[in-house]
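# What follows is a predicted structure for the sequence shown.
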Amino acid sequence: MTVQLRLILLIATLLLSSCGFQLRGSAEVPVAMRELALQMPAGRSALRLELSRTLRSNGIELAAVAPYTLEILDEKQGRRVASLDERVKADEYELRTEVRFQITQGERFLIAPTAVRTERVYTYDADAITAKNAQEALLRREMQQDISRQILRLYIAAGQP
């Protein structure tokens with residue numbers, strides 16, 4: 001490698017690290033916030049699983065009793081026709097997920113009740129129903145991952161001075 005190329009790579013690395021760039025999915029959780037209780041309505045096991053996975057992978061230990069409590073208040077999922085084809089049949093569907101939550105520290109709100117949302121649009125083919133059902137399931141999982149990351153980012157931001 002030439003000296004110029006090495007110098008360019010060094011400068012690029014320094015610029016990226018100095019501006020706060022981080023790879024997606026990595027977050028610096030303050031030490032005081034690394035223990036969290038998770039409360040949510042029964043029957044939301046897919047969201048619970050994804051939230052637990054996201055929190056644990058970022059160094060947050062889930063406990064029954066903790067200084068902070070993440071409470072999922074409501075989860076709404078919807079699907080609607082986004083566009084029609086020339087035969088007036090569904091050509092695209094829009095998937096929506098909204099999760100209302102709050103985070104408390106004892107009796108005090110760290111994050112007052114708020115909602116995070118995500119949407120995805122996919123094309124629909126009546127001749128490939130099985131494939132489209134699998135695609136919808138995959139998109140829903142991605143949406144749960146996105147919701148989990150949004151909640152994590154808000155939690156970390158609320159703990160920053």
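Cool, the structure landed.
# Tell me how far residue 74 lies from residue 150.
15 Å (C-beta to C-beta, to the nearest Å). C-betas here are computed from N, CA, C, even on glycine.
# between these two, who's got more neighbours?
Using other C-beta atoms under 10 Å, the more surrounded residue of residue 74 and residue 150 is residue 150, with 16 against 13.
# you'd agree the more buried one is in a helix?
Yes. The assignment for residue 150 by DSSP: H, G, I helix; E, B strand; the rest coil puts it in a helix.
# That one reaches residue 111, doesn't it?
No. Counting by C-beta atoms under 8 Å, residue 150 sits too far from residue 111 to count as a contact (11.5 Å).
# thinking residue 98 is in contact with residue 73, fair?
No. Assessed by C-beta under 8 Å, residue 98 is found out of contact with residue 73, at 10.8 Å.
# what's near enough to touch residue 52?
Residue 52 makes contact with 38, 62 under the criterion C-beta atoms under 8 Å, 6 or more residues apart in numbering.
# Let me know the helix or strand that it is in.
helix 45-57 (DSSP states H and E).
# what's the following helix or strand after that helix?
Once the chain leaves helix 45-57, the next helix or strand it forms, by DSSP H and E, is strand 61-62.
# Report all helices and strands that that next one contacts.
strand 35-39, helix 45-57 (3 or more C-beta pairs under 8 Å, 6 or more residues apart in numbering; DSSP states H and E).
# Show me what the lowest-mean-pLDDT helix or strand in the chain is packed up against.
Taking mean pLDDT, DSSP states H and E as the measure, the chain has helix 3-18 as its least confident helix or strand, at a mean of 79. Contacts defined by 3+ C-beta pairs under 8 Å, 6+ apart place helix 3-18 against no helix or strand at all.
# And the pLDDT at residue 19?
Residue 19 is assigned 61 on the pLDDT scale.
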